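# Got a sequence here, can you model it:
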Amino acid sequence: MVFVHGLWRLPTSWDRWAAVFEEARFAVLAPGWPDDPETVADANAHPDVFASKTVSQVADHFDEIIQKLGRQPAVIGHSFGGLLAQILVGRGRSAATVAIDPAPFRGVLPLPFSALKSAFRVLSNPANWHRAVRPTFEQFRFGFANAVSVTESHQLYETFAVPAPGAPLFQSATANLNPWTEAQVDLNNDERGPLLFVSREKDNTVPWGSPAHRSRSTKTILASPRSSRSRTAVMRSRSTAAGERSRIRHSHSSSASCSGPPRESNGRASNLLARPFRVWALQGSNLRPLDYESTALTI
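Numbers count the residues shown, from 1 in each chain. Here you go, the predicted model:
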């Protein structure tokens, strides 16, 4: 299993997820982007190592790593890592893929205001194309930690936030204006494995539901928490047959790489994929909702 992190993160942001899957006897690999430093402290001390990295450079880097594995892995990507995961599945590199709150690519027409606001610190200055930029705490809280307390937001910011190259954000934001953009996905590869989208209703960086515009392949399914009544998603735990419910907050990072897998009341990591989801099958331009009540989401 290969984890792909997004912008403003290092591979260590996947540590808690990796531990959960290793406990379940998966072989886990969380590579960095090219030249990623080993620690957050090193990354913040030497931001220039991130500068000028492009979508194609990073995608080719992960492509090369996967080809050395000898077999197709499952690939899980979050945020910009979700876009990279889609590029990899389009190249036929993964047996199955999960894109959590993935960044948009060419053909995704909506560009919500909240997404632009999340990236404004970078996109507001064209010179940032060749620079590496670290988010301010205010940007980080709005874009990645809006569903947790200010105190927890500060903890996450100090623990995970690092500079990131500006180029991929410009490439993604202008993808529909450039026919030759690197921020595009091969949607016509019939030999690729299945792809699962996961989106959250409180996400400001990739607003809830926007992945529904991204594919026209019958091999793609879309999933979001089964709640439309409130802004806090409600998902029923396997162990609560009596109707008790556990609540999970959903921002861009609250159940993804920043804070790790959801936690049960006893502190143990819960299995997000063992909870009911509202699942859609995408057939042509029509989304068909399905009720998925199994104890595991098998791709």
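
# Direction included, what does the helix or strand F197 falls within pair against?
Assessed by DSSP states H and E, F197 sits inside strand 195-198. In the sheet containing strand 195-198, its partner strands are strand 96-100 (parallel), strand 220-225 (parallel), by DSSP bridges.

# With respect to those strands, which exhibits the lowest mean confidence?
Mean pLDDT is lowest for strand 220-225 among these, at a mean of 45.

# that older thread, what about dumping the CA coordinates of the strand holding F197 to PDB?
Output in PDB follows, covering the C-alpha atoms of strand 195-198 (Å, rounded to 0.1, in the frame of the first residue of the first chain):
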ATOM      1  CA  LEU A 195     -11.000   4.500  -7.900                       C
ATOM      2  CA  LEU A 196     -12.800   5.700  -4.700                       C
ATOM      3  CA  PHE A 197     -13.400   9.400  -4.000                       C
ATOM      4  CA  VAL A 198     -13.900  10.500  -0.400                       C
END
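
# By residue count, tell me the biggest helix in this protein.
The single longest helix within the chain, with elements called by DSSP state H, is helix 55-67.

# The helix or strand following that one - what's its average pLDDT?
Per DSSP H and E, the first helix or strand lying C-terminal to helix 55-67 is strand 74-78. The average of the pLDDT scores along strand 74-78 is 95.

# Can you name every helix or strand that the very next helix or strand once past strand 74-78 contacts?
The C-terminal neighbour of strand 74-78 among helices and strands, as given by DSSP H and E, is helix 80-90. Secondary-structure packing of helix 80-90 (3 or more CB pairs under 8 Å, 6 or more residues apart in numbering; DSSP states H and E): strand 2-4, helix 55-67, strand 74-78, strand 96-100, helix 167-173. The way it works is simple: take the backbone N, C-alpha and C, and place the C-beta from them, glycine included.

# now the angle from helix 80-90 to strand 74-78?
150 degrees (axes from the mean of the first three to the mean of the last three CA atoms, to 10 degrees).

# Could you report the neighbour count for V49?
Close neighbours of V49, defined as other CB atoms under 10 Å, add up to 17.

# so how far is D190 from it?
As judged by CB to CB, to the nearest Å, V49 and D190 stand 39 Å apart.

# Buried residues in the longest helix of the chain, which are they?
Applying a neighbour-count criterion of 16 or more other CB atoms under 10 Å, one finds 55-56, 58-59, 61-62, 66 buried in helix 55-67.

# Go through the residues you listed and say which is closest to V150.
Nearest to V150, judged by CB to CB, of these is V58 at 32.0 Å.
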